[in-house]
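Peer 1: what's the 3D shape of this:
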Amino acid sequence: MSSDPQDDGTRAPRRVAKALDEVFRQEHARVLAVLVRDLRDLDLAEEALADAMAEAVVAWERDGLPDRPAAWLLTAARRRGIDRIRRADAGRRAASKLAAGTELLVHDDPYDPEASTIPDERLKLLFTCCHPALAPAARVALTLRTIAGLEEAAIARAFLVSETAMARRLGRARRKIRDANIPYRVPADHELPDRLRHVLHVVELVFNEGYLASDGDELVRPALMEEAIRLGRVLLELLPDEAEVQGLLALQLLQHARTPARTDASGELVLLEDQDRSRWDAAGIREGRALVRNALGRGTPGPYQVQAAIAALHAEAPTFAATDWTQVAALYGVLAGLRPTPVVALNRAVAVAMADGPAAGLRLLEGLADDLDGYHLYASTRAELLLRAGQPTAAVEAFDRALAAVGNERERAHLRSRRAQAVAAGG
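Peer 2: Numbers count the residues shown, from 1 in each chain. From the prediction side, this is the model:
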């Protein structure tokens, strides 16, 4: 233990709080993952870690900061977890086996409290949280709670639900893991591509909600984007040879780089063509482009790599007009083959419209009407292309459909403004 004889009674608590916060942010997922491995129960592992954090506040103020705070927390949490099992009548036999290091502690990498590092079990925990047996919303919430370490209240605020509702969602997910015996392991090689797809999709959903909030008064939620990027970095650290992991992180970095220019001083939406590109994050663009090149160089293109390549084309263009729209449209054609969804087809129609004129884009949109009926971005895209094609009356009708479906207030304000311009053009 380290100590400071000059502490005046207030410096130590501040130092302890700072140390705990740093350990929580940097090592929370790693410590929790080892606890899940050892205790075989996610709820119990989280409760034991919370107990250890509370214990640390007292012990570290009394004795000074430990040399290895994360190792101290892991040892304390593991002990607390065993104590909780012992106190539960139904778990008495399990506790004796756990304390003896048998049956429940079956793994190839036993934790040595004297070791300088903690075994990295985060990948197993990620695959558990993102298991396809869980509902998509539950996967997102559980990943943010266990891997990112966000409090339930913060996750609830991010997705505009009550804390009670989020607590229930997380509780159901944990019970599902326990009751369905969802394995705590990295999938076998033949399972990995499909299971990794679910993990990447969870990180994508977190980022997308931050990039364009589905509801509420804010267009973007930067904290969610940053958490998604942090999750992407964790994935890249754990799976450095997976090209799609690199592709997803590259895509996030390139899109996040435009954040400073996507809203004006009052928080209103600024379209890509009107953005001040000097405000884009040059460092994020450089890192994203490097990741794209590295990923595509592996010769196994996937949806995230192609999307990142599209984002890189936007980032490289000095102006909106200078964008290589022909190449963007071609890449969307490749993406449509890898991910044949109506939304991808919608984005391809926009790129084609920019390359070949609005009439070409409108022709492609005609085939998407049934699939995307009620989707506000389909209606708003159609409205914009109709306006560019010199059909303001039809554009007003399309803007009305978009306004009826949009949930975000900032998007609604932008659509109202564009509708007014269409009305003026038709007058």
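Peer 1: lowest average confidence, helix or strand, in the protein?
Peer 2: Every helix and strand of the chain was ranked by mean pLDDT, DSSP states H and E. The lowest is helix 92-100, at a mean of 55.
Peer 1: I'd like the average pLDDT over the helix or strand just after that helix.
Peer 2: Sequence-wise, the next helix or strand downstream of helix 92-100 (DSSP states H and E) is helix 122-129. Helix 122-129 carries an average pLDDT of 91.
Peer 1: Please apply the same query to stretch 292-303.
Peer 2: Averaged across stretch 292-303, pLDDT comes to 95.
Peer 1: Point out where this protein drops to low pLDDT.
Peer 2: Residues of the chain that meet the criterion pLDDT under 70 lie in 1-12, 89-118, 427.
Peer 1: got the buried residues for stretch 373-391?
Peer 2: Along stretch 373-391, these residues count as buried under the neighbour rule (16 or more other C-beta atoms under 10 Å): 375-389, 391. No exception for glycine: its C-beta is placed from N, CA and C like everyone else's.
Peer 1: can you list the residues that contact that stretch?
Peer 2: Identification of contacts with stretch 373-391 by C-beta atoms under 8 Å, 6 or more residues apart in numbering yields 342-343, 346, 349-350, 353, 358-359, 361-362, 365, 368-369, 372, 392, 394-396, 398-399, 401-403, 405-407, 411, 415, 418-419, 421-422, 425.
Peer 1: before we move on, what about stretch 349-361?
Peer 2: With contacts defined as C-beta under 8 Å, 6+ apart, stretch 349-361 is touched by 323, 325-326, 328-329, 332, 362, 364-365, 368, 381, 385-386, 388-389.
Peer 1: I'd like to know which of the residues you listed is nearest to Gly267.
Peer 2: Thr381 (22.6 Å; C-beta to C-beta).
Peer 1: Compute the inter-axis angle for the helix or strand containing Arg14 and helix 122-129.
Peer 2: Using DSSP H and E, Arg14 sits in helix 11-39. Angle between the axes of helix 11-39 and helix 122-129 is 70 degrees (criterion: axes from the mean of the first three to the mean of the last three C-alpha atoms, to 10 degrees).
Peer 1: Ala261 and Trp280, how far apart?
Peer 2: 6 Å (C-beta to C-beta, to the nearest Å).
Peer 1: same question, Pro301
Peer 2: From Pro301 to Trp280 the distance is 25 Å (C-beta to C-beta).
Peer 1: and what of Ile82?
Peer 2: The gap separating Ile82 from Trp280 is 52 Å, by C-beta to C-beta.
Peer 1: what does Ala138 give?
Peer 2: 35 Å.
Peer 1: Please compare these two by neighbour count and tell me which comes out ahead.
Peer 2: Taking neighbours as other C-beta atoms under 10 Å, Ala138 and Trp280 compare with Ala138 leading, 22 against 19.
Peer 1: Let me see the contact set for that one.
Peer 2: Shown in contact with Ala138 (C-beta under 8 Å, 6+ apart): 169-170, 172-173, 176.
Peer 1: Phe24: neighbour count?
Peer 2: 17.
Peer 1: thought it was touching Glu151?
Peer 2: No: between Phe24 and Glu151 there is no contact under C-beta atoms under 8 Å: 10.3 Å.
Peer 1: Buried residues in stretch 267-277, which are they?
Peer 2: For stretch 267-277, a neighbour-count test (16+ other C-beta under 10 Å) marks 269-270, 275, 277 as buried.
Peer 1: list the buried ones in the helix or strand harbouring Ala290?
Peer 2: Using DSSP H and E, Ala290 maps to helix 282-296. By 16+ other C-beta under 10 Å, the buried positions in helix 282-296 come out as 284-285, 287-289, 291-292, 295-296.
Peer 1: Going toward the C-terminus from that helix, what's the next helix or strand?
Peer 2: Next element after helix 282-296 (DSSP H and E): helix 303-316.
Peer 1: by how many degrees do that next one and helix 282-296 diverge?
Peer 2: Going by the same axes, to 10 degrees, helix 303-316 makes 140 degrees with helix 282-296.
Peer 1: which pair in the buried residues of helix 282-296 spans the largest distance?
Peer 2: Gly284 and Leu296 (18.5 Å).
Peer 1: Is it possible to get TSV of the contacts of Ala138 that adds distance to Asp63?
Peer 2: Formatted as TSV, these follow (distance: C-beta to C-beta, whole Å):
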residue	distance to Asp63
Arg169	39
Leu170	34
Arg172	40
Ala173	37
Lys176	40
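Peer 1: Neighbour-wise, give me the winner out of those residues.
Peer 2: Ala173 (26 neighbours).
Peer 1: That one: helix or strand, and which one exactly?
Peer 2: In this structure, Ala173 sits in helix 163-179 according to DSSP H and E.
Peer 1: So what touches that helix?
Peer 2: 41-43, 128-129, 131, 133-135, 137-139, 141-142, 145, 152-153, 155-156, 159, 161, 182.
Peer 1: Filter these down to the buried ones.
Peer 2: Neighbour counting with 16+ other C-beta under 10 Å marks 41-43, 128-129, 131, 134, 138-139, 141-142, 145, 152, 155-156, 159, 161, 182 as buried within the contacts of helix 163-179.
Peer 1: So which of those residues belong to helices?
Peer 2: Among those, the members falling in helices (DSSP state H) are 42-43, 128-129, 138-139, 141-142, 145, 152, 155-156.
Peer 1: Out of the residues you listed, the closest to Leu254 would be?
Peer 2: When these are compared against Leu254 (criterion: C-beta to C-beta), the nearest one is Arg139, at 24.4 Å.
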